[in-house]
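# any chance you can model this:
(chains A and B)
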Amino acid sequence: DGGITQSPKYLFRKEGQNVTLSCEQNLNHDAMYWYRQDPGQGLRLIYYSQIVNDFQKGDIAEGYSVSREKKESFPLTVTSAQKNPTAFYLCASSTRPAGQGYEQYFGPGTRLTVT
Amino acid sequence: GDSVTQMEGPVTLSEEAFLTINCTYTATGYPSLFWYVQYPGEGLQLLLKATKADDKGSNKGFEATYRKETTSFHLEKGSVQVSDSAVYFCALSDSNYQLIWGAGTKLIIKP
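Numbering: from 1, shown residues only, chains lettered A, B, ... in the order given. Okay, the predicted model is just below:
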């Protein structure tokens, strides 16, 4: 079955530690995205990538980093510079960059708790 | 810039009631419009979409019509079920090919 895998589902870290969230897709999609969701709020874009070896900052990129070395994979690192890292993180992909009717497909999310 | 405004939740209805969740947008050009649904603890799923004015998207009994004259894309369902309880997000595709998201509307259906 084609889809997007995020692991782990729950992640706990101590403050000051970097942590990397995994996102893998087997949909052969070119574009991939990372969003952050806080309780009772909408989605905020962290980073996106339209093609391998290229990515752009979204609205809240500070304290985060990404890489896109393979088409299937788009890992997100939450660094110690991120002031409020506790949140629900969602990865998505689309055939083309969103627009002209190209919807995004989402993974199940990773809930990160930093104490 | 482009934006999406959804009605605030939670919206609480009894089973078999009629549902409307309002969504209005501000955009330059001719965006595509989407409704996504998020069940507790899960990722988002595309519910329906419309790519041009007067298009009607529909899925699982839900419908929404792309109204350019009123810049709206309201979500409707004739008879809701307890299983429809979720958070619903309206979104549009902007000129930079990103999705602009509404804040989400939590729907609670009581048996």
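
# by contact count, what packs against the worst-scoring helix or strand of chain B on mean pLDDT?
Of all helical and strand segments in chain B, the minimum by mean pLDDT, DSSP states H and E falls on strand B:99-101, at a mean of 90. Applying 3 or more C-beta pairs under 8 Å, 6 or more residues apart in numbering or on different chains; DSSP states H and E, one finds that strand B:99-101 makes contact with strand B:3-6, strand B:86-93. C-beta here means a position set from N, CA and C on the backbone, and glycine is covered the same way.

# go through these and name the closest to residue A:51.
Each of the helices and strands packed on strand B:99-101 has some distance to residue A:51 by C-beta to C-beta; the shortest is strand B:86-93, at 18.2 Å.

# could you give the backbone dihedrals for residue B:83?
In terms of degrees, to the nearest 10, the main-chain angles of residue B:83 are phi -70, psi -10.

# what's the distance between it and residue A:57?
Taking C-beta to C-beta, to the nearest Å as the measure, residue B:83 falls 38 Å from residue A:57.

# swap in residue B:64?
If you measure residue B:64 against residue A:57 using C-beta to C-beta, the figure is 31 Å.

# with neighbour numbers in mind, choose between these two.
Comparing residue B:64 with residue A:57 by other C-beta atoms under 10 Å in any protein chain shown, the one with more neighbours is residue B:64, at 27 against 13.

# secondary structure element holding the more buried one?
With elements taken from DSSP states H and E, the one containing residue B:64 is strand B:62-65.

# run me through the strand neighbours of that strand, direction for each.
Next to strand B:62-65 in the sheet, as set by DSSP bridges, lie strand B:56-59 (antiparallel), strand B:75-77 (antiparallel).

# comparing those, which comes out most buried?
Among the strands paired with strand B:62-65, the stretch with the highest mean neighbour count (mean count of other C-beta atoms under 10 Å in any protein chain shown) is strand B:75-77, at a mean of 19.

# so residue A:25 touches residue A:49, yeah?
No: counting by C-beta atoms under 8 Å, residue A:25 stays clear of residue A:49, with 11.4 Å between them.

# mutual contacts of the two, please.
The contact sets of residue A:25 and residue A:49 overlap at A:32, A:74 (C-beta atoms under 8 Å, 6 or more residues apart in numbering or on different chains).

# with adjacent residues omitted, what lies nearest to residue A:48?
Counting by C-beta to C-beta, 6 or more residues apart in numbering or on different chains, residue A:48 lies nearest to residue A:33, which is 4.5 Å off, once chain neighbours are set aside.

# actually residue B:56, not the one I wrote
With C-beta to C-beta, 6+ apart as the criterion, residue B:56 has its nearest non-adjacent residue at 4.7 Å, and that residue is residue B:65.

# ok, which stretches of chain A are helices?
Defined through DSSP state H, the helices belonging to chain A form an empty list.

# near chain B, which residues of it are found?
By C-beta under 8 Å from any C-beta of the partner chain, the residues of chain A that approach chain B are A:4, A:6, A:40-43, A:45, A:48, A:58, A:90, A:92, A:96-109, A:111.

# name the residues of chain B found near chain A, please.
By the rule C-beta under 8 Å from any C-beta, the part of chain B lying against chain A is B:31-32, B:34, B:36, B:41-46, B:49, B:51, B:89, B:93-95, B:97-99, B:101-104, B:106.

# right, I'll call it a day here.
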